[in-house]
Structures are given as structure tokens and as C-alpha cells.
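Trainee: Need a 3D model of the sequence below.
(chains A and B)
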2 protein chains.
Amino acid sequence: MVFWKKFFTNSEVPSLDTVLSGDILELTNESGVKQQIYFSTEHDLDVYELEALCDSVGWARRPLRKVKKALEFSFLIVSMWEIRGNRKRMIGFARATSDHAFNATIWDVVVHPDFQSQGLGKALMRYTIRKLRSSDISNITLFADPQVIDFYRRLGFMLDPEGIKGMFWYPS
Amino acid sequence: MVFWKKFFTNSEVPSLDTVLSGDILELTNESGVKQQIYFSTEHDLDVYELEALCDSVGWARRPLRKVKKALEFSFLIVSMWEIRGNRKRMIGFARATSDHAFNATIWDVVVHPDFQSQGLGKALMRYTIRKLRSSDISNITLFADPQVIDFYRRLGFMLDPEGIKGMFWYPS
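Mentor: Residues are numbered from 1 along each chain as shown, chains lettered A, B, ... in the order given. Predicted coordinates:
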């Protein structure tokens, strides 16, 4: 069992929704160790640190030049950090492309293996959805690998609504 | 049967691929009437004309302010025009959001009913794919309504490759 607490008040355990109204969470694990988790929408990330995070979950390496460009031209960048004293470590990431008006598509959702199964992926996605909603984006889409379809479904994502299907074209 | 001809040479009937290396097509229909079809990637479109085109296929009206913003922030805008003398008419449209590096998602593909079933939707999509490929985008995605899944499949789009599924989140 993992407890979420507001950073500024230790007297209550608010719902995840409440916690996410701020950008800092305080997490107390079963051993009583407290962790501070911070969310940022800063675009100017260290691509080496980002790619190390992607490495940790086994993703294929990508040219850093293209990663930098993708960060620059994504509509929303969300990074999730563990704060310990004056050190921080990137433990999660998601980004979205968008037309800034109707549609957004979420890409590259990742949580470091050391921080999985603690509700942090859910927190990262809720934060991302909230940020997109606050920009008046109403159609939020993504492409889900088979093993995470249920994860996204629990967050309110629908599979093939009204028979609409995701399709992909790759160079042959 | 519809014949595609290069605008500048009437002596041959090149493949659609060849024709699309230029931005102007000449179409001769069964009645022998010639039509010039022009493709543009200009972002600065008349939103009233665009929304009239969307009306022609029965799409729901959208706030023009948001349509303008979506045009401004789409990575690629493709419009297809019928040229008659010195008049032009918008007969097709597609646009794509992108991170300018890895992924693009195609939205709002439309061909005016008067110009459907002549291969123009295919031409519009091939032109769109070619433009995205020339920007080094390798992962081209879209969300297809049930009735157009086979259309996109014939263009090389794959449904749920390796079990990857399109998912949607809407405000409740």
C-alpha cells in the first residue's frame, strides 16, 4: 500500500486528483521512507537523461538530434522527478503532439522500473490529461501496446469508439 | 475509367506516383472533359471555404477560431483544388500534426462528394504521405472510421500492428 500526501500538509491523505492540483507530491512507501515527486512541463530537458530513462525500460535507442527536435516541437512535455535533498532524478516522462485546438496524441509514456507499480504511471497520465484539458484539447488520443491497454482503459481511454481504429504507415 | 495525365505532356498516361511528383494533375473523365487538379501545402486557407467543404460531407460545424488555430499549428496542411480557367475550388483537404521528427498523425481527410470515386482521395493521401516522408517522418498514423479502413489499408496503412491499438479519451 502506498500513501499519497500533499507536500505542504502531512495531516491528510488526499485523493490523487487533489494531490495533482499541485506539481509536487509526497509519497511514503511501506518502509516509511518519504519521497518527493515533482512534475514539470519544461521542454528543455537533458536528452541524455531522457534516453537513459527510455533505456531503463528497454526502448530502442534514437538519434539524439531527432529526440531534441521532437521535444522542441511537442505541444506538451511532462517529466516526473524524484527529489532527494537537492538532487533530482527523472523517473517518468510523457509528451503530446497537438494542433493546439482539437486533438492531441500522447507518445513515449515511460516510468522507470524502480518506480513502477506505485501509482506513478497513473499520476503521470492524469497530470498529462489535466494539462491537455486546461489547453481546451478535447480529443486526447494515443497508441497503446497490448500490455498497457487495460492501464489506459482504467484511466478512461476507450478502445475503438464507434469502430474508429488506429492505423499505421511505415516506409517499406 | 479515369485517366491521369501529366499537366505538361499529353502524350503519356503516367502512373499516379509519377504524376504526384508535380503539384498539378490533369484529369480527363469519361465524357472527355478535362479537369486540372492542384495540390497546395499553403497554411493560410480560407476557413469558410474549408468548412463548406467539410459541410459537404456532413461533418459537424466547428468554431472557426479553433479551425484557424488548428491550421496554424498543424505540421502539414494539404489542400486539393479544381482549377477551371482562372477560378479555383477547394475539393479536398488533409492535415497532420507532428513532432517534426518521429511521428505524424493525419486528421480531417475530406474529398468533396462531386469528386469522390475518381481516385482523388488516393491521390490526396499519397501526396500527404510523400510530403511527410520528405520531412523524414517515418511513423505516420491516423484514426479511421469503419467505412474507410479498407481505403487506408489499400494505401499501405496497417490496422493494430503487433497488437498496438488506438485509444481515445474524451471529457466526460
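Trainee: Give the next helix or strand downstream of the longest helix along chain A.
Mentor: Longest helix of chain A, by residue count under DSSP state H: helix A:120-134. Note on helix A:120-134: by DSSP states H and E, the next helix or strand toward the C-terminus is strand A:139-144.
Trainee: quick one: the very next helix or strand once past that following strand near chain B?
Mentor: Downstream of strand A:139-144, the first helix or strand assigned by DSSP H and E is helix A:149-154. Yes. Against chain B, helix A:149-154 shows contacts by CB under 8 Å from any CB of the partner chain at A:Ile149, A:Tyr152, A:Arg153. To be clear about C-beta, it is placed using only N, CA and C from the backbone, and glycine gets the same treatment.
Trainee: And stretch A:117-127, by the same measure?
Mentor: No. Contact of stretch A:117-127 with chain B (CB under 8 Å from any CB) is absent, the minimum separation being 9.3 Å.
Trainee: Contacts made by stretch A:41-51 with the rest, please.
Mentor: The contact list for stretch A:41-51, computed with CB atoms under 8 Å, 6 or more residues apart in numbering or on different chains, reads A:61-62, A:64, A:67-68, A:71-72, A:74, A:76-79, A:90, A:93, A:131.
Trainee: Could you do stretch A:152-166 as well?
Mentor: Outside stretch A:152-166, the residues that touch it by CB under 8 Å, 6+ apart are A:122, A:125-126, A:129, A:140-144, A:149, B:141-146, B:149, B:159-160, B:164-170, B:172.
Trainee: Among those residues, name the buried ones.
Mentor: Listed as buried from the contacts of stretch A:152-166 are A:125-126, A:129, A:140-144, A:149, B:141-144, B:149, B:159, B:164-169; burial here means 16 or more other CB atoms under 10 Å in any protein chain shown.
Trainee: Is chain B within reach of stretch A:74-87?
Mentor: Yes. Contact of stretch A:74-87 with chain B (CB under 8 Å from any CB) involves A:Ser74, A:Phe75.
Trainee: Nearest to chain B within chain A, name that residue for me.
Mentor: A:Gly166 (2.2 Å; CB to the nearest CB).
Trainee: Can you tell me the SS state at that residue?
Mentor: What DSSP: H, G, I helix; E, B strand; the rest coil gives for A:Gly166 is strand.
Trainee: residue ranges with poor pLDDT in chain A?
Mentor: Per-residue confidence of chain A (counting by pLDDT under 70) places the weak regions at A:1-22, A:29-30.
Trainee: Where do the helices of it begin and end?
Mentor: Applying DSSP H to chain A gives helices spanning A:16-19, A:47-56, A:64-73, A:120-134, A:149-154.
Trainee: In the longest strand along chain A, which of the residues would be classed as buried?
Mentor: Ranked by residue count under DSSP state E, the longest strand found in chain A is strand A:87-98. The neighbour-count check on strand A:87-98 (16+ other CB under 10 Å) flags A:Met90, A:Ile91, A:Gly92, A:Phe93, A:Ala94, A:Arg95, A:Ala96, A:Thr97, A:Ser98 as buried.
Trainee: Thanks again, I'm all set now.
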